[in-house]
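In: Model the structure of this input:
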Amino acid sequence: MSLPDPFMTPDPQAVADSNLMDFARHVGMAASDYTTLYRWSVTDLEGFWGAVWEYFDIDCDAAYEQVLAEDRMPGARWFPGATLNYAHHALRSHAADDAAVIALDETGSCYEVTAGRLRAQVASVAATLRDLGVGQGDRVVGYLPNTPHAIVAFLAAASLGAVWSVCGQDYAPKAAADRFAQLEPTVLIAADGYLFNGTTHDRRDAALELAGALPTLKATLLVNHVGLPWPSRAYPSLVVPWEDASTRAEELACVPVPFDHPLWVVFSSGTTGLPKGIVHGHGGVLLEHLKTLGLHSDLGPGDRFLWYTTTHWMMWNLVASTLLTGATTCTYDGSPAPLAEPDVLWKLAARHRVTVFGTSPQYLLGMAKFGIDPSEHDLSSIRVVGCTGSALPASAYPWVRDHVGERVLLGSISGGTDIVSGFAGSAPNTPVWAGELSAPHLGVALAAYDAEGFPVVDQVGELVITRPMPSMPLYFWNDPDGTRYRDAYFSSFPGIWRHGDWITLTSHGSVIVHGRSDSTLNRNGVRIGSADIHDVVERLPEIAEALVIGAEEGDGDYWMPLFVVPAAGVILDDTLREKIRDAIRTGASPRHVPDEIIEAPGIPHTRTGKKLEVPVKRLLQGAPVEQVVNPATVDAPDLIDYYARLGARRKDRSV
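Out: I've put the predicted structure just below:
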């Protein structure tokens, strides 16, 4: 079978000059093909990750005994004996006068934070946290937009060996508290508000409500971001203005911690119950992000990285980790396409000479749909457009070539909060096929498994990882015996990580992602659990039960309907629909207001009462009933026909 022609092939000179080829020469592989390097990276894990350590000159206080002590999942032990600190590496790679962070917003305003100033602010906030009783292993949480304040706070906490977690302010206080209260944090850092689509959102009362929901707080640091004065009132804990916390003259001293000491907690989307707290370690994140950003994205000194994200999406963690490579990272507060200036991100990318620009498929498709032409700006500095959050359809590739740049590498990436990185994407020396991810990432032993657990090529299977990665979770928060962790990833194929995506590994080495095989809502790359939506909607007296579904569609669109069963005697009219939208907007997330609100005859459950979210999603995508669910296992089998008919009608309309 002949291979399909690539949409684009890499420029030979760019390949020769890339960090990836320099790394290949470093390990004695002069070949320019990616496949040789990849095969070595997954067959010799100790050799590969040891080489990453050496190439990026990891600075440790105590040397490691061996690279991989136990090659198994779960339970792999990486670099035992080593002590280091992530924050030290993030703050060592820039000259004092270099721009470390550029703060941008949707109005076009900006300011730079030099490396020297960043280090001074981190030292000051770290000293403040230490004075407030924060020590190694304590938790510091942020209720913050994507601004330099979040990066400073994170690095300050990490420098002390404290554990960080952050949530965007478009989350309602209850949704944020559902995450943070599990951690029993010592300090909360909260901003007065954020910008979005021409509006300044006042979050002072929300911050106060959140602080009141966290009884373990010793103090709250109040950030003045949008210029709203913090009122004088009785707070549930000691209050410290950010200006006081961040302007002290202090020396930074990063605490050496073991390789697997917790760095941060990121939260799953929580399809049932409270969101799961996923814990990653200093060393695993350090190596994985240096590999991903330094080799795959080819970032280094002189580069500028702008990726649209919120602080509660894992891409924020990569935005912060850009500092590890010596590149400048750009934070952005606002809508990706505000009505007043929908092309503002491209304008900012041109003005600040961004070299790697990151976004979501929906953003690129929206730009094309509404006739936005980024080429009206000078985008000659951009060499990579990264795209993640969902599968990027083939139709977007010519648009990027024609409107961003002919030689721009369009790198579609697939990964997850679970490993806070990518499983597959592109590299400087990989061809690009439209609608496909170029290859698995280095060090990622990726396969597609059929239902019996056998690897398949050129057919759809479950995305699995067959060997450990350093950035796999250390554990889940409040999961002392690891039961929830094992159930989440290793219950389908013992000893093999099952991620929850449908993929095809092609015979030419690329990866095609078909969407989630679970029920996480993933709109524009921002994930939230269905439980967050259900909780808000079902608190309305007019609603007996609700079911929200996020369904990827073949044209790259994402359909998110909300099915509701009204309470007895209640009519679902436009007034009630607007009330539901308002409840979701204010009580859960304005990014996840459903596309349609549909009155349903009922919500199907398992016999034990669990909503059939994944089966309903697949029915709505047009899958036949016999491939999705056994009606005998459903509490109301007739409801399966309702959702199957709706999926069939949608499928017929799309043909």
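In: give the contact list for the closest residue to residue 94 other than its chain neighbours.
Out: Taking Cβ to Cβ, 6 or more residues apart in numbering, and ignoring the residues beside it in sequence, residue 94 has residue 115 as its nearest neighbour in space, at 3.5 Å. Placement of C-beta: from N, CA and C, glycine included. Going by Cβ atoms under 8 Å, 6 or more residues apart in numbering, residue 115 touches 91, 94, 95, 96, 97, 98, 99, 100.
In: now do residue 439
Out: 34, 35, 38, 424, 425, 426, 427, 430, 509, 510, 511.
In: The second one: how many residues sit nearby?
Out: When counting by other Cβ atoms under 10 Å, one arrives at 12 neighbours for residue 35.
In: Just give the nearest non-adjacent residue to it, would you?
Out: Per Cβ to Cβ, 6+ apart, closest to residue 35 is residue 509, 6.3 Å.
In: Mind pulling up the pLDDT for the one you found?
Out: Model confidence at residue 509, given as pLDDT, is 95.
In: Now it: which helix or strand?
Out: Using DSSP states H and E, residue 509 sits within no helix or strand.
In: what ranges do the strands span in the stretch 301-450 of the chain?
Out: 304-307, 328-333, 356-359, 384-387, 409-412, 414-416, 421-425, 439-440, 446-449 (DSSP state E, counting those that start in this stretch).
In: burial count for residue 7?
Out: When neighbours are counted by other Cβ under 10 Å, residue 7 comes out with 17.
In: Let's see the pLDDT reported for the residue positioned nearest the centre of the chain.
Out: Centroid-nearest residue in the chain, with Cα atoms, centre = their mean: residue 314, separated by 2.4 Å. pLDDT recorded at residue 314 is 92.
In: For it, give me its contacts.
Out: 266, 415, 416, 417, 420, 421.
In: Ranking by neighbours, what's the top pick from these?
Out: residue 421 (30 neighbours).
In: Who does that residue form a beta bridge with?
Out: Assessed by DSSP bridges, residue 421 has beta-bridge partners residue 416.
In: didn't it look like it was pressed against residue 288?
Out: Yes - between residue 421 and residue 288 there is a contact at 4.8 Å, judged by Cβ atoms under 8 Å.
In: follow-up on the earlier one: adding mean pLDDT and distance to residue 556, write the strands of the stretch 301-450 of the chain out as TSV.
Out: Shown next, in TSV, are the strands of the stretch 301-450 of the chain (pLDDT from 0 to 100; distance: least, Cβ to Cβ, whole Å):
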stretch	mean pLDDT	distance to residue 556
strand 304-307	98	19
strand 328-333	98	23
strand 356-359	97	13
strand 384-387	96	11
strand 409-412	93	11
strand 414-416	91	14
strand 421-425	97	18
strand 439-440	98	21
strand 446-449	96	21
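In: Please tabulate these in JSON lines and include distance to residue 460 as additional columns.
Out: Below are the strands of the stretch 301-450 of the chain laid out as JSON lines (distance: least, Cβ to Cβ, whole Å):
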{"stretch": "strand 304-307", "distance to residue 460": "29"}
{"stretch": "strand 328-333", "distance to residue 460": "36"}
{"stretch": "strand 356-359", "distance to residue 460": "26"}
{"stretch": "strand 384-387", "distance to residue 460": "21"}
{"stretch": "strand 409-412", "distance to residue 460": "18"}
{"stretch": "strand 414-416", "distance to residue 460": "14"}
{"stretch": "strand 421-425", "distance to residue 460": "15"}
{"stretch": "strand 439-440", "distance to residue 460": "16"}
{"stretch": "strand 446-449", "distance to residue 460": "7"}
